[in-house]
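Colleague: No letters, just coordinates:
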């Protein structure tokens, strides 16, 4: 496993040295990834996937550097929630979708006031500041899946996140750090505009700096696709957060579809549309070496020239027409046009806020440097 955020790993590698080249000793968890032997229980693989196991009871749970005990809540859950039994032991069940949802809601601090209170109590010890009051008033609050089916419910304050939502306040980031002085999740506990790390210095990334775009042909999106194909224009391809959905959720809701023309359309500037004879609501194909998308065009003056936008991330469940350009095979989704490019500075690791955590710090989606033909 990589050197991880929220562990002592964050101070494991103050300088970049390669053990494979003899620059330092190979020490798992310090100068190289951590090593761990995993014993697989293949016979019970399905049972393990469909039950909430004992490790959480014994070791507690947590997220984003906060950890708290749940042993008594776990034991109570065995009496109040569906269970599954195997190898002579009983566990909370995850076998049905609603079982799994209720287990998440049962233990998450955002939906269980007692979990939130315990999490804030542990966070108090970690940062040396009074925080328990943020969870005190809701200790008895719980939310079930059935509650959510009846009506929306507000989330509770949680130290895993940075907003404060007391008394009906809307979520806003970094309130914990600004108002309660909880340190930022960096090496110094402060915000950083200058990144004092030899890897960032080497790549010229130590300060926010304007960098002109590289030639699109250098990115390798058009090795097979010819730039000058007739009736096509090259655009810089962006995939912002959904306009009529949250990631892939609510996309096929009738109300949302009525707002979005019943499809996830592609946004293009009037000048670029005119250059290839496209008018609003025409069908377009967006393509490069990696894939193709077929959808309708929204011609909008809100889009800068040279840029095309397709909001992410629609599922391939509705409105995925066939592509004439690709032999009438189905078009793809927003990531059909992107590719993985790994930026070296995002793999420095072992140094404060640069340390890896899945979907939190590490190699990211790099669609901003992708180009497409339309």
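Modeller: Structure's in. What do you need? Bear in mind that the values here come from a model prediction, so they are computed numbers and not experimental data.

Colleague: use CA for all of it now, contacts and neighbours both
Modeller: Will do.

Colleague: which non-adjacent residue is nearest residue 322?
Modeller: In space, and not counting its chain neighbours, residue 322 is closest to residue 330: 4.2 Å by CA to CA, 6 or more residues apart in numbering.

Colleague: Roughly how far does that neighbour sit from residue 264?
Modeller: 15 Å (CA to CA, to the nearest Å).

Colleague: next one: residue 370
Modeller: Between residue 370 and residue 264 the distance is 19 Å, computed by CA to CA.

Colleague: Could you report the neighbour count for residue 203?
Modeller: Other residues near residue 203 come to 10 when the count uses other CA atoms under 10 Å.

Colleague: check contacts around it.
Modeller: residue 345 (CA atoms under 8 Å, 6 or more residues apart in numbering).

Colleague: mind listing what the nearest residue to residue 205 once chain neighbours are set aside touches?
Modeller: Nearest non-adjacent residue to residue 205, counting by CA to CA, 6+ apart: residue 195, 7.7 Å away. By CA under 8 Å, 6+ apart, the residues touching residue 195 are 201, 205-207.

Colleague: which residue ranges form the helices in the stretch 51-200 of the chain?
Modeller: Listed in chain order, the helices of the stretch 51-200 of the chain (DSSP state H, counting those that start in this stretch) span 54-59, 71-80, 97-107, 113-127, 133-136, 145-150, 175-179, 198-202.

Colleague: which parts of the third one are buried?
Modeller: Right, the one you point to is helix 97-107. Of all the residues in helix 97-107, those buried under the rule 16 or more other CA atoms under 10 Å are 99-100, 102-107.

Colleague: For those residues, could you give me a markdown table that also reports distance to residue 126 and pLDDT?
Modeller: Output for the buried residues of helix 97-107, formatted as a markdown table (distance: CA to CA, whole Å; pLDDT from 0 to 100):
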| residue | distance to residue 126 | pLDDT |
| --- | --- | --- |
| 99 | 33 | 97 |
| 100 | 30 | 98 |
| 102 | 29 | 98 |
| 103 | 27 | 98 |
| 104 | 25 | 97 |
| 105 | 25 | 98 |
| 106 | 24 | 97 |
| 107 | 21 | 97 |
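
Colleague: Farthest pair within the residues you listed?
Modeller: Maximum pairwise distance in those, criterion CA to CA, is 12.6 Å, between 99 and 107.

Colleague: returning to that earlier point: switch the helices of the stretch 51-200 of the chain over to JSON lines; also include distance to residue 252.
Modeller: JSON lines is the format used below for these (distance: least, CA to CA, whole Å):
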{"stretch": "helix 54-59", "distance to residue 252": "36"}
{"stretch": "helix 71-80", "distance to residue 252": "35"}
{"stretch": "helix 97-107", "distance to residue 252": "20"}
{"stretch": "helix 113-127", "distance to residue 252": "33"}
{"stretch": "helix 133-136", "distance to residue 252": "36"}
{"stretch": "helix 145-150", "distance to residue 252": "18"}
{"stretch": "helix 175-179", "distance to residue 252": "34"}
{"stretch": "helix 198-202", "distance to residue 252": "43"}
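
Colleague: Quick one: closest of those to residue 319.
Modeller: Of all these, helix 97-107 sits nearest to residue 319, with 26.8 Å by CA to CA.

Colleague: Give me the distance between the closest one and the centre of its chain.
Modeller: Chain-centre distance of helix 97-107: 21 Å, with CA atoms, centre = their mean, to the nearest Å.

Colleague: Quick check: which helices or strands does it pack against?
Modeller: helix 145-150 (3 or more CA pairs under 8 Å, 6 or more residues apart in numbering; DSSP states H and E).

Colleague: Compare neighbour counts for residue 370 and residue 264 and give me the winner.
Modeller: residue 264 (28 against 18).

Colleague: Give me the distance between that one and residue 292.
Modeller: 14 Å.

Colleague: got a list of what the residue nearest to residue 322 touches?
Modeller: Counted by CA under 8 Å, 6+ apart, residue 330 has contacts 320-323.

Colleague: Please repeat the previous calculation with a cut-off of 10 Å.
Modeller: Counting by CA atoms under 10 Å, 6 or more residues apart in numbering, residue 330 touches 292-294, 316, 320-324.

Colleague: I'd like those as CSV, with secondary structure appended.
Modeller: Putting the contacts of residue 330 into CSV (DSSP: H, G, I helix; E, B strand; the rest coil) gives the following:
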residue, secondary structure
292, strand
293, strand
294, strand
316, coil
320, coil
321, coil
322, strand
323, strand
324, helix
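
Colleague: Name the nearest residue to residue 342, sequence neighbours excluded.
Modeller: Nearest non-adjacent residue to residue 342 (CA to CA, 6+ apart): residue 363, at 5.9 Å.

Colleague: quick one, phi psi at the closest residue to residue 251 other than its chain neighbours?
Modeller: In this structure, residue 251 finds its nearest non-sequential neighbour in residue 245, 5.0 Å apart by CA to CA, 6+ apart. Torsion angles at residue 245 (phi, psi; degrees, to the nearest 10) stand at phi -170, psi 170.

Colleague: Tally up the residues packed near residue 245, please.
Modeller: 20.

Colleague: And the pLDDT for it?
Modeller: We have a pLDDT of 88 for residue 245.

Colleague: Over to residue 367?
Modeller: Reported pLDDT for residue 367: 63.

Colleague: Filter the contacts of residue 330 down to the buried ones, PyMOL style.
Modeller: Per 16+ other CA under 10 Å, the buried members of the contacts of residue 330 correspond to this PyMOL selection:
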select buried, resi 292+293+294+320+321+322+323
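
Colleague: From the contacts of residue 330, pick the one nearest residue 33.
Modeller: Using CA to CA, residue 316 comes nearest to residue 33 of the contacts of residue 330, at 36.8 Å.
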